[in-house]
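A.B. asks: Here you go, sequence then predicted model.
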Amino acid sequence: MSTPRARLIADTAIALLAERGMRGLTHRAVDEAAELPPGSTSNLARTRAALLELTLARLTELETARFAAIGTPQAAREIDAMTDMTVEMIHMQLTVGRVTSLARYELALEATRRPELRKVYDEAGRAFRRTAVAVLAAAGSADPERHGHQFVAYVEGLLFDAIAGAGPVFGKEELRQGLREVLAGMLGR
């Protein structure tokens, strides 16, 4: 984000999406929640589409920084290292990143109805999938493209089920066991 005010507006929009859903995200609601003068959000993001794109850009920035703090994909060439790295990412998304996860799901659903947002959302998602493909390729996957996409789908399913679905929130050991089994199957180990 280019300015502190843009970050404040985007961070507030993320919190509102998680708290109130898509219908609760308005320019006025962001101004009020961020304690900004009326019209501040619309001065930065004129339209709803611009506000959604700003929010998604900030959300991607936050998630990228969180994942980078866990470790580098190049360090995760072995199943145990990949498993541990992924467990930490999932645990982070379920705890300190819960608000961003909820907001991301709201934006994902909205992107199914807004082609301009779909384009931005898909580009952000491609970056995370490229990382998964690279990690699985480095670990010796026979089909890293397919495995990378399937692994991201598996992780997203776990997250969605724990955050928005009826599933349990698994502890780290349960996550580790399931992820290791998936990776062992993909890597033939």
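C.D. replies: Arrived safely, thanks for sending. Keep in mind it's a predicted model, so treat the numbers as computed, not measured.
A.B. asks: packing partners for the helix or strand harbouring His149?
C.D. replies: Assigned by DSSP states H and E, His149 falls within helix 144-163. Contacting helix 144-163 under the criterion 3 or more CB pairs under 8 Å, 6 or more residues apart in numbering; DSSP states H and E are the following elements: helix 79-94, helix 98-111, helix 115-138, helix 172-187. C-beta: built from backbone N, CA, C; applies to glycine.
A.B. asks: Report the angle between it and helix 115-138.
C.D. replies: 120 degrees (axes from the mean of the first three to the mean of the last three CA atoms, to 10 degrees).
A.B. asks: for helix 144-163, the distance to its chain's centre please.
C.D. replies: Relative to its chain's centre, helix 144-163 lies at 12 Å (CA atoms, centre = their mean, to the nearest Å).
A.B. asks: Can you list the buried residues in it?
C.D. replies: Within helix 144-163, the residues that qualify as buried are 144, 147-148, 151-152, 154-156, 158-159, 162-163, counting by 16 or more other CB atoms under 10 Å.
A.B. asks: what does it rub up against?
C.D. replies: 86, 89-90, 93-94, 98, 101-102, 105, 128-130, 132-137, 141, 167-170, 175, 178-179, 182-183, 186 (CB atoms under 8 Å, 6 or more residues apart in numbering).
A.B. asks: Now do Gly24: how many residues are near it, please.
C.D. replies: By the measure other CB atoms under 10 Å, the count of residues near Gly24 is 13.
A.B. asks: Which residue, other than its chain neighbours, is closest to Leu17?
C.D. replies: Ala103 (4.0 Å; CB to CB, 6 or more residues apart in numbering).
A.B. asks: Does that neighbour touch Ile14 like I think?
C.D. replies: Yes. Using CB atoms under 8 Å, Ala103 is in contact with Ile14, at 4.4 Å.
A.B. asks: Report the set of residues contacting both of these two.
C.D. replies: Common neighbours of Ala103 and Ile14 (CB under 8 Å, 6+ apart) are 55, 59.
A.B. asks: Those two: which is more packed in?
C.D. replies: Ala103 (26 against 23).
A.B. asks: then stretch 99-112 to PDB, C-alphas only?
C.D. replies: The C-alpha coordinates for stretch 99-112 follow below in PDB (Å, rounded to 0.1, in the frame of the first residue of the first chain):
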ATOM      1  CA  VAL A  99     -10.000 -12.100  10.000                       C
ATOM      2  CA  THR A 100      -8.100 -12.000   6.700                       C
ATOM      3  CA  SER A 101      -9.200 -15.500   5.900                       C
ATOM      4  CA  LEU A 102     -12.900 -14.600   6.400                       C
ATOM      5  CA  ALA A 103     -12.400 -11.500   4.300                       C
ATOM      6  CA  ARG A 104     -10.700 -13.500   1.600                       C
ATOM      7  CA  TYR A 105     -13.700 -15.900   1.400                       C
ATOM      8  CA  GLU A 106     -16.100 -13.000   1.200                       C
ATOM      9  CA  LEU A 107     -14.000 -11.500  -1.700                       C
ATOM     10  CA  ALA A 108     -13.800 -14.900  -3.400                       C
ATOM     11  CA  LEU A 109     -17.500 -15.200  -3.500                       C
ATOM     12  CA  GLU A 110     -18.000 -11.600  -4.600                       C
ATOM     13  CA  ALA A 111     -15.400 -12.300  -7.400                       C
ATOM     14  CA  THR A 112     -17.800 -14.900  -8.800                       C
END
